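# Okay, sequence plus prediction incoming.
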Amino acid sequence: MIQIKTPQEIETMREGGKVLARVLKEVSQLIRLGITTKELDRAAEALILQSGAKLAFKGYEDFPGVLCTSVNDEVVHSVPGDRVLKEGDIITLDMGLVWKGFYLDMARTFPVGKASPEALRLIRITKKALRIGLKKAKPGSTVGDIGETIQRMVEGQGYGVVRELCGHGIGKELHEDPKVPNFGKRGQGAELEEGMVICIEPMITEGDWRLLKAEDGHGYKTKDGSLSCHFEDTIAITLAGPLVLTQDS
């Protein structure tokens, strides 16, 4: 069942989204050659708790970390550990928190050191996919409108769109209805209404979109070993248009 939020609840989520955006920005500034993904996780945990928020991911479906650290061919939900970041890697930080009883969720992909032109292009196109999908997040549109718009642009650039995972509603639970795929057909799926809050999160692959479960038991990686990229924001549906909650300005 889709949960409609009141204006006051959306404002509370906006407060939490600003906190999350600031924390993710601070953690991203720690990305460098030689750091481990576990060190990034520890920094994220400290910053979230210092902000007064609660941890969203740690313990969720037995996930052991505070943030997901997916590197290169890892798509999502990778467990932080002893992996050392190297020159040319790309890493996705996928992070959530709970603010006054409401979940917020966001993700960004970053280059490590000097990444290849191909990796930087993948990051740029995935970021654009989120931006154009966001424009469809308004009352009267459907989740299919969002997915079709993202899919058409991404595949037109020669990339793959992950089918096995998707965006979602969010609020008092981390994952609520509706599902928000990054592919689809116009006019299909749940219709967006004022007061809905959703996560749009393009997961794009340089090669084939098919996935394998990672060795850590939580993450997913590309079946063909190609690079993957992931951007995500939490967005409220308003009469004035999409309101991005996970930004610090």
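Looks like it came in fine. As the structure is a prediction and not an experimental result, all values here were calculated from the model.
# Just give me the neighbour total for the closest residue to Phe102 other than its chain neighbours.
Leaving aside its chain neighbours, Phe102 sits nearest to Met13 (4.8 Å; criterion: Cβ to Cβ, 6 or more residues apart in numbering). Where you see a C-beta, it was placed from the backbone N, CA and C, and this is true even at glycine. Counted with other Cβ atoms under 10 Å, the neighbours of Met13 add up to 25.
# Could you look up the SS state of Met13?
The local conformation at Met13, judged by DSSP: H, G, I helix; E, B strand; the rest coil, is helix.
# Tell me how far it lies from Ala21.
The span separating Met13 from Ala21 equals 12 Å under the rule Cβ to Cβ, to the nearest Å.
# Assess the claim that Ile146 and Ile132 are in contact.
No: the pair formed by Ile146 and Ile132 falls short of the contact definition of Cβ atoms under 8 Å, at 9.1 Å.
# Neighbour count for those two, which is higher?
Ile146 (29 against 15).
# so where does that one fall, helix or strand?
When secondary structure is defined using DSSP states H and E, the element that contains Ile146 is helix 143-156.
# Go through that helix and flag the buried ones.
143-151, 153-154 (16 or more other Cβ atoms under 10 Å).
# again, but for stretch 42-61
Those would be 43-45, 47-48, 51, 53-58, for stretch 42-61 by 16+ other Cβ under 10 Å.
# Over to stretch 85-93?
By neighbour count, with 16+ other Cβ under 10 Å as the criterion, the buried positions of stretch 85-93 are 85, 89-93.
# What of stretch 29-44?
Counting neighbours by 16+ other Cβ under 10 Å, the buried set in stretch 29-44 is 31, 35, 37-41, 43-44.
# The closest residue in space to Cys229 that isn't next to it in sequence: helix or strand, and which one exactly?
If the residues on either side of it in the chain are set aside, Cys229 comes closest to Thr126, at 4.0 Å by Cβ to Cβ, 6+ apart. Assigned by DSSP H and E, Thr126 falls within helix 117-134.
# now that helix, how far from the chain's geometric center?
Distance of helix 117-134 from its chain centroid, counting by Cα atoms, centre = their mean, to the nearest Å, is 13 Å.
# Over to stretch 51-68?
On the basis of Cα atoms, centre = their mean, stretch 51-68 is displaced by 15 Å from the centre of the chain it belongs to.
# so for it, what's the average pLDDT?
Confidence over stretch 51-68 (mean pLDDT, whole number) is 97.
# Contacts for that stretch next, please.
Outside stretch 51-68, the residues within contact range by Cβ atoms under 8 Å, 6 or more residues apart in numbering are 16, 19-20, 22-23, 27, 40-41, 44-45, 48-49, 76-80, 92-99, 103-105, 107, 174, 218-219.
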